[in-house]
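**Student:** Requesting a structural model of the entry that follows:
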Amino acid sequence: MKVDVSQNLPIKMWVSDLEDVALKQAHNLANLPFAFHHIALMPDAHMGYGMPIGGVMAANGVVVPNAVGVDIGCGMYAMQTSLRRPDEETLKKILSKIRGRIPVGFAKHRTARMETLMPDVSGKYMPIVDREYFKARQSLGTLGGGNHFIELQLDVEGNLWVMIHSGSRNLGKQVADHYNKVAKRLNKWWHAGVPESFDLAFLPIDSFEGQNYINEMEFCTEFALRNRREMMTQVAEVLKEVHNRMFSMFDPINIAHNYARMENHFGKNVMVHRKGATSAKLGEIGIIPGSQGTTSYIVEGRGNTESFQSCSHGAGRRMGRKQACRTLSLEDEQAKMKGILHSINGEKNLDEAPGAYKDIKVVMERQRTLVDIRLRLQPIAVVKG
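**Tutor:** Coordinates of the predicted model:
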């Protein structure tokens, strides 16, 4: 861990290759009047919007929409099955049927999913959720695009795992965009002292607007979990159809990485914002995926207080999407995924190639004080948006 003490608060960093822009964003966080104790940067940290992805900030009395991000509640969901490795033809059938059942990219279901699958909306004022509710029902059980994926993996004993990375779809973006605009307007009215260029406008948690954002953020976080759970249900149905027999699925593991919640750290209750970072309390089981075609990890938190009991949410990007498509070699990236049914089929897909991401082994090595590795999972097939 490195410590930068050049700002109002220290910046504690487990990352070794941080871009200048991301470091400047961390400096902005450390100079916020409401930031508490220190800022933590995980080993996958890189530039985000307002706050670095892979950043953790605790705040006194306020919540910052841009310190959560637009894909509220985005996270990982993984389950072990009693199945063993399918052969290549069977894998192709599985992937084809998954794509037939689960919309990807901007696509939604044609009909809305049952309301019983949705989080409870009663008793709380949530204007954006109310406005977007029907569309959200159509998006429930959809993957999205970008770095979201459904991956079939094997553990060291040859057991088949299913891992899903997805979030709150357009609902989370609508909530995030609305409350960031509200916060910017109010901060300007209050002469709040946070430079507009920081893109870190805040809402007091005891204000009407702050409570509304927290209610809608928590709804989105629960919606994102139910979205992943519904996709896992659909994948399980596909596996049953293809194998034409029953099988077991064990207890799921779920971990979110874009949210804020009240926690106690260094003797004080504070609003902890994790943007592309996951909770790693002592004994807590989590998931750290690699990039497409690389190892993913099931981990156990060590409860490190210096990271606000957090760890990385993945490998982290080392280059932007346009740069990846412009500079990476399609042939080289495909060679890295030999033996895996993947989605790098042309140069337009290079934004999600392994070379666009940091080395997950280096990332894991740098967070030895944050988590212990329980399982390594190797990919055999990937569905992406």
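
**Student:** Does the host helix or strand of Ile298 pack against any helices or strands, and if so which?
**Tutor:** Using DSSP states H and E, Ile298 sits in strand 296-301. Other helices and strands packing on strand 296-301, by 3 or more CB pairs under 8 Å, 6 or more residues apart in numbering; DSSP states H and E, are strand 285-288, helix 360-366, strand 371-384. Every C-beta, even on glycine, is put in place using the N, C-alpha and C of the backbone.

**Student:** Next secondary structure after that strand?
**Tutor:** Note on strand 296-301: by DSSP H and E, the next helix or strand toward the C-terminus is strand 310-312.

**Student:** Run through who's touching that following strand.
**Tutor:** 14, 40, 42-44, 54, 56, 274, 277-280, 286, 288, 299, 301, 304, 363, 367, 370-371 (CB atoms under 8 Å, 6 or more residues apart in numbering).

**Student:** Select only the buried ones of the residues you listed in ChimeraX?
**Tutor:** Buried residues among the contacts of strand 310-312 (16 or more other CB atoms under 10 Å), as a ChimeraX selection:
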select :14,40,42,43,44,54,56,274,277,278,279,280,286,288,299,301,304,363,367,370,371
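
**Student:** circling back to that earlier point, mind listing the strands the strand holding Ile298 pairs with, and their directions?
**Tutor:** Sheet pairing here is set by DSSP bridges, and for strand 296-301 it gives strand 285-288 (antiparallel), strand 371-384 (antiparallel).

**Student:** Could you point out which residue ranges in the stretch 251-385 of the chain have low pLDDT?
**Tutor:** Nowhere does the stretch 251-385 of the chain drop to pLDDT under 70.

**Student:** switch the cut-off to 80
**Tutor:** 385 (pLDDT under 80).

**Student:** and what of the stretch 51-200 of the chain?
**Tutor:** Judged by pLDDT under 80, no stretch of the stretch 51-200 of the chain qualifies at all.

**Student:** residue ranges of the strands in it, please?
**Tutor:** Ranges of strands within the stretch 51-200 of the chain are 53-59, 62-63, 75-80, 149-154, 160-166, based on DSSP state E, counting those that start in this stretch.

**Student:** Other residues contacting the third one?
**Tutor:** The one in question is strand 75-80. Contacts of strand 75-80 (CB under 8 Å, 6+ apart): 155, 159-167, 224-225, 228-229, 231-232, 249-258, 278, 286-287, 289, 298, 313, 377.

**Student:** Check the separation of the first and last residues in stretch 278-285.
**Tutor:** Using CA to CA, to the nearest Å, the span of stretch 278-285 from its first residue to its last is 10 Å.

**Student:** how far does that stretch sit from the chain's center?
**Tutor:** Stretch 278-285 has its C-alpha centroid displaced from the chain centroid by 15 Å (CA atoms, centre = their mean, to the nearest Å).

**Student:** who's in contact with it?
**Tutor:** Contacts for stretch 278-285 (CB under 8 Å, 6+ apart): 75-76, 253, 255-257, 286-288, 298-304, 307, 309-313, 370-371, 374.

**Student:** Can you tell me which of the strands of the stretch 51-200 of the chain is nearest to Glu209?
**Tutor:** strand 62-63 (9.7 Å; CB to CB).

**Student:** Mean neighbour count, the strands paired with strand 296-301: which tops it?
**Tutor:** strand 285-288 (a mean of 24; mean count of other CB atoms under 10 Å).

**Student:** Can you list the residue ranges for helices in the stretch 101-250 of the chain?
**Tutor:** 127-139, 169-190, 208-243 (DSSP state H, counting those that start in this stretch).

**Student:** Would you pull up how far the second one lies from the middle of the chain?
**Tutor:** Averaging C-alpha positions (CA atoms, centre = their mean) puts helix 169-190 20 Å from its chain's average.

**Student:** ditto for the last one
**Tutor:** Once both centres are worked out by CA atoms, centre = their mean, helix 208-243 turns out to sit 13 Å from its chain's centre.

**Student:** helix/strand/coil for Ala335?
**Tutor:** What DSSP: H, G, I helix; E, B strand; the rest coil gives for Ala335 is helix.

**Student:** And for it, the neighbour number?
**Tutor:** Applying other CB atoms under 10 Å, we find 9 residues neighbouring Ala335.
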